[in-house]
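Asks: With the input below, show me the fold.
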Amino acid sequence: MVVSGNLLPWQRIESPSGSALVDFKRAQSARIENYFLGGKDNFPIDREVGSSALSVFPDLWLAARARRVFLCRAVHFLAGAGFEQFLDVGVGLPASPNLHEVAQGLVPAARVVYADHDPLVLLHARALLASGPLGSVEVVEADLRDPAKILGLGLACFDEGEPVVLSLSGVLPFVSDAEDPYGIVAALLAGLPAGSALLLDHLTADYAPEVVAGLVAVYKAADMSLQARSREQVAQFVAGLELLDPGLVSCQRWIPDAPDLDDLPADGAVSCYGVVARL
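Replies: You can find the predicted model right below:
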């Protein structure tokens, strides 16, 4: 992938499959998330929308970090349970610790495939997400809405027939009901080997409906689809799967083999469910 042309107001980023135009006048969800996490890979429009989002949801920076902690905690748990292959869809901009760093920190030979369709995300991922010497990291260009392509590119990087952890962190709220998110997840799961696992998190309005409604409105005003889902709706993604303890909970409370902790962020401050399940 190469970058060419003027930096502002347009920048052309060309991917192996052709050219894609990145509009630096339009906010993008991965760059906004990077802003919430304190990163520098964002632009004025992203910070503008991010600031508007924080004005209606002041704890959003905390929610972004809670989702990241959930991802790391779940990956560490699954690597400790023997999983060595991880497929992360909608990777977003790199933010250490990244998934492969957590997995290879416990299982040095772990293999990780990152999939995303945003050209700027791909550029950063290919430049910054380097594997340890015993494992492997691959970055593939694929959209969550094309599960066949994700499976084709992703599984080709793994040992055939060996279990895979599918990671869907921070992506499903950006898939509208009209795009059939349940069908997408079902298709991805159907293509995984026996014994695989799924980890996902999802924005919810169950705890702070007015605050989350304001957040959704900010994204809509910026021409981005964002959808919160209830506990019952999130549960549909893992229907028929074996939920691992502690089940489907507010993501900051997903702590295996640990009692309830009083010093965790409030559920309304995070407004996100997390769950890990075996196929």
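Asks: right, and Glu158 touches Gly152 too?
Replies: Heads up, residue 158 is Phe, not Glu. No: if you go by C-beta atoms under 8 Å, Phe158 and Gly152 don't touch, sitting 11.9 Å apart. C-beta coordinates here come from the backbone N, C-alpha and C atoms, glycine included.
Asks: So for those two, which residue has more residues nearby?
Replies: Ranked by neighbour count (other C-beta atoms under 10 Å), Phe158 and Gly152 place Phe158 first, with 20 against 13.
Asks: Count the residues that sit near the closest residue to that one other than its chain neighbours.
Replies: Counting by C-beta to C-beta, 6 or more residues apart in numbering, Gln85 is the residue found nearest to Phe158 once chain neighbours are left out, at 4.6 Å. Neighbour count of Gln85, defined by other C-beta under 10 Å: 25.
Asks: Repeat that for Ile150.
Replies: 25.
Asks: so where do the helices sit in the stretch 151-279 of the chain?
Replies: Along the stretch 151-279 of the chain, the stretches classed as helices by DSSP state H, counting those that start in this stretch are 181-190, 209-221, 231-235, 267-270.
Asks: which helices and strands does the first one pack with?
Replies: Yep, that's helix 181-190 we're talking about. Where contact means 3 or more C-beta pairs under 8 Å, 6 or more residues apart in numbering; DSSP states H and E, helix 181-190 is packed against helix 147-155, strand 165-168, strand 197-203.
Asks: helices and strands of this protein: which one has the lowest mean pLDDT?
Replies: The helix or strand of the chain with the poorest confidence is strand 2-4; it has a mean of 34 (mean pLDDT, DSSP states H and E).
Asks: what residue ranges in the stretch 101-250 of the chain score low on pLDDT?
Replies: Across the stretch 101-250 of the chain, nothing is flagged by pLDDT under 70.
Asks: isn't His76 right up against Val102?
Replies: Yes: counting by C-beta under 8 Å, His76 does reach Val102; the two are 5.4 Å apart.
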